[in-house]
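*Asks:* From the sequence below, what's the structure:
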Amino acid sequence: MSLFTFAYCADYDAKIANLASLSPEKWSFSSSNDNTILKNYIEHTFLKIEEENKIFEDNGRYALFNTGLYSTFYEAIFGYFVPNKNPNRQTWYFDGFYTSYQLGMMGIVDYPPRANYFKNPEALVFDTNCDIFPQYKHIFNDPDNFLRIPESIRNSAHKTVLFDGAIKRTKHMIDANYKTAVPQYFKGRIQLLIPICLVNENKPDLALVVSKNEAGNQYFGHTCLSLDMAYNNARLIARPDSAWLYP
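*Replies:* As a prediction, the model looks like this:
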């Protein structure tokens, strides 16, 4: 169930802007100020919270969900709902985002847990003992994937060789700094995002999504994402602490 199905969300952009002020970081791409990253984060976080049955409802008086975000004073931030007075709309009305301190001042002291995206912390770190096998049939034949590749590489007769060389360099980057591989959550499992530098060896052009096979002894490179798409996906788990993936 989406946030907008669960509750009537009046003045949503203003409430998102308020959340951005409570938990300040770069929530928009480039020079924009539309909080696109934050909206994506909240809406997907709510879906995961609802899936895990972690929306707290207090006998119809109010409802809460844990955003997983913190204020500058490391107070947890929650989405707060009150009963909708309009009987022709959703049961709940989305009142806004509040810190645990603000909710405590309202007499609320029981808080729901945040979303849990992983059970095995090892899944968050790239295993450098494993090789990467890119699925070129999908990367080159799928129109969406193919168009994310720089035009000069798409038109090259040697694009497979260039990709192989970029992946080899990426493995060296991961060896030097394990934070190069950034986790994302997709369809119930953790995958890793790794930079692919095709035009300039020091500037990523896209992110390759990799995940381990069932035997756990190699990675498959399934698909390519733009850097904006990769950041959106990665931010669901945590703000990426990476030198290459940023808004």
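
*Asks:* And the next helix or strand past the biggest helix by length in the chain?
*Replies:* The residue-count maximum for a helix in the chain (DSSP state H) belongs to helix 159-176. For helix 159-176, the succeeding helix or strand toward the C-terminus, using DSSP states H and E, is strand 182-186.

*Asks:* so Y111 touches N66, yeah?
*Replies:* Yes - Y111 is in contact with N66 according to Cβ atoms under 8 Å; the separation is 6.7 Å. C-beta coordinates here come from the backbone N, C-alpha and C atoms, glycine included.

*Asks:* Domain ranges for the protein, per the record?
*Replies:* As recorded under automatic domain parsing, the domains making up the chain are 3-105, 121-235.

*Asks:* so where's the protein uncertain?
*Replies:* For the chain, no stretch has pLDDT under 70.

*Asks:* If we use 90, what do you get?
*Replies:* Applying pLDDT under 90 to the chain flags residues 30-31, 87-88, 118-123, 186-189, 214-216, 222.

*Asks:* residue ranges for the helices of the protein, please.
*Replies:* Under DSSP H, the chain gives helices at 3-6, 12-22, 36-51, 100-105, 136-141, 143-147, 151-154, 159-176, 227-235.

*Asks:* Of those, which is nearest N213?
*Replies:* Closest to N213 of these is helix 136-141 (Cβ to Cβ; 15.4 Å).

*Asks:* now what about the closest one, what contacts it?
*Replies:* With contact meaning Cβ atoms under 8 Å, 6 or more residues apart in numbering, helix 136-141 is reached by N145, F146, I149, K159, T160, F163, G221, H222, T223, C224.

*Asks:* If we use 10 Å, what do you get?
*Replies:* Under the criterion Cβ atoms under 10 Å, 6 or more residues apart in numbering, residues 134-135, 145-146, 148-149, 154, 159-160, 163-164, 196, 206, 208, 220-224 lie in contact with helix 136-141.
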